[in-house]
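Participant: the sequence isn't on hand, but the structure is:
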């Protein structure tokens, strides 16, 4: 019984000394860092900016990827944002804290500038929380949050499928009462380095602007070029082939129904082509793609060729006495240098006419020559019309200054 009493006494004595026997596994540096953060947070007001209305904040972005939805007209950028400023309240003498020159703190425990995307699609209430930040003994603060910025980007489709879209990110202070001066770090405001290739789009250039006295202090404008190699094969090349088919009809004979049949086939191909490219043309834009205007014009020319074919076939079958203006027109053209432009020249169809009957033969030849002249004039006219259509409505690749992002480097790399 006595040994039980002794055991209880020793246990109570051990519990009394337990607090003095706790093993501290913290390293010496961590202990000093905890003390440093405790001293810095003492009497620190997170709602008050370091320099009142003169706080200067530098910003830089490193793009990871981007996406552009032409149907919804939204442009989204995934990037790392490097943001830095100086806070005199976060200075310390490193000799007082075991030579510690930097520490990591949460952005929620210190004052942090509210940088906001002003033209954002969905407004986020906690958008200015930057996670963990690095502070240095001279008072400099560096934060490296991963951010996603999404904005509305109105599309312009006049030159589709070789269109270039212009999308702008507008940044400013979180509220108007925050008198903070935002600026890009010297050099490139956006480091891309291989992230310029997105799904169906390529960033070929960007511009950076700073406006100190406006609500929108920072602007990043991106120029996106559609990757049009596939659409060129599907949309542009068939358009050219249909135009060639329509013009080649003017070289065919009109007596039989081959030209009339091919003209009808060409017209049907135009309508089928329109129904096919309807699946590829973006529809959320106030602009009409110029290629649709070109196809509309080509449809009208094909219909005119169809009507012309019927008219020429009728003229060649006429055996009535031609009026004098037809005869004089033939003589004026065929007896001048203009006769070299009469291509093709169809032979006279003398079937059903007595060879010795010069009068009937002469009437048929006059109508045949007149049909040749009309066909040649229309051929030249339609070629000129297609040249005008191509110069006005055919989409083409736009020449624009392109930036090579391969050799870009972030100025923040010099800090770490």
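Facilitator: All right, it came through fine. Given the structure is predicted, the values throughout are model-derived calculations rather than measurements. Numbering: from 1, shown residues only.
Participant: low-confidence stretches in the stretch 101-250 of the chain?
Facilitator: 123-128, 176-178 (pLDDT under 70).
Participant: so where do the strands sit in it?
Facilitator: Ranges of strands in the stretch 101-250 of the chain, per DSSP state E, counting those that start in this stretch, are 102-106, 115-117, 132-136, 140-143, 146-152, 164-173, 180-184, 190-191, 201-210, 218-226.
Participant: using a markdown table, lay out these together with mean neighbour count.
Facilitator: Bear in mind the C-beta positions are built from the backbone N, C-alpha and C, glycine included. Listed next are these as a markdown table, based on neighbours: other CB atoms under 10 Å:
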| stretch | mean neighbour count |
| --- | --- |
| strand 102-106 | 15 |
| strand 115-117 | 20 |
| strand 132-136 | 18 |
| strand 140-143 | 20 |
| strand 146-152 | 16 |
| strand 164-173 | 20 |
| strand 180-184 | 19 |
| strand 190-191 | 22 |
| strand 201-210 | 17 |
| strand 218-226 | 20 |
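Participant: with distance to residue 389 added, can I get these in a markdown table?
Facilitator: Shown next, in a markdown table, are the strands of the stretch 101-250 of the chain (distance: least, CB to CB, whole Å):
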| stretch | distance to residue 389 |
| --- | --- |
| strand 102-106 | 64 |
| strand 115-117 | 43 |
| strand 132-136 | 60 |
| strand 140-143 | 56 |
| strand 146-152 | 34 |
| strand 164-173 | 22 |
| strand 180-184 | 45 |
| strand 190-191 | 40 |
| strand 201-210 | 28 |
| strand 218-226 | 22 |
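Participant: between these, which one is nearest to residue 375?
Facilitator: When these are compared by CB to CB, strand 218-226 sits nearest residue 375, at 41.0 Å.
Participant: hmm, back to that, and of the strands of the stretch 101-250 of the chain, who's closest to residue 46?
Facilitator: Taking those one by one with CB to CB, strand 102-106 is closest: 10.6 Å.
Participant: what is that closest one packed up against?
Facilitator: helix 28-41, strand 132-136 (3 or more CB pairs under 8 Å, 6 or more residues apart in numbering; DSSP states H and E).
Participant: to residue 51, which of the strands of the stretch 101-250 of the chain lies closest?
Facilitator: Among these, the nearest to residue 51 by CB to CB is strand 180-184 (9.5 Å).
Participant: please identify the deepest-packed of the helices and strands packed on strand 102-106.
Facilitator: Mean neighbour count (mean count of other CB atoms under 10 Å) peaks for strand 132-136 among these, with a mean of 18.
Participant: centre of the chain versus it, how much separation?
Facilitator: Offset of strand 132-136 from its chain centre (CA atoms, centre = their mean, to the nearest Å): 36 Å.
Participant: for stretch 194-203, same thing?
Facilitator: Chain-centre distance of stretch 194-203: 9 Å, with CA atoms, centre = their mean.
Participant: in it, what counts as buried?
Facilitator: For stretch 194-203, burial by neighbour count (16 or more other CB atoms under 10 Å) applies to 195-196, 198, 201, 203.
Participant: equivalent analysis for stretch 325-338, please.
Facilitator: For stretch 325-338, by 16+ other CB under 10 Å, it's 326, 329-330, 333.
Participant: now these as a markdown table including secondary structure, distance to residue 342 and pLDDT?
Facilitator: Formatted as a markdown table, the buried residues of stretch 325-338 follow (DSSP: H, G, I helix; E, B strand; the rest coil; distance: CB to CB, whole Å; pLDDT from 0 to 100):
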| residue | secondary structure | distance to residue 342 | pLDDT |
| --- | --- | --- | --- |
| 326 | helix | 15 | 87 |
| 329 | helix | 12 | 88 |
| 330 | helix | 10 | 86 |
| 333 | helix | 7 | 88 |
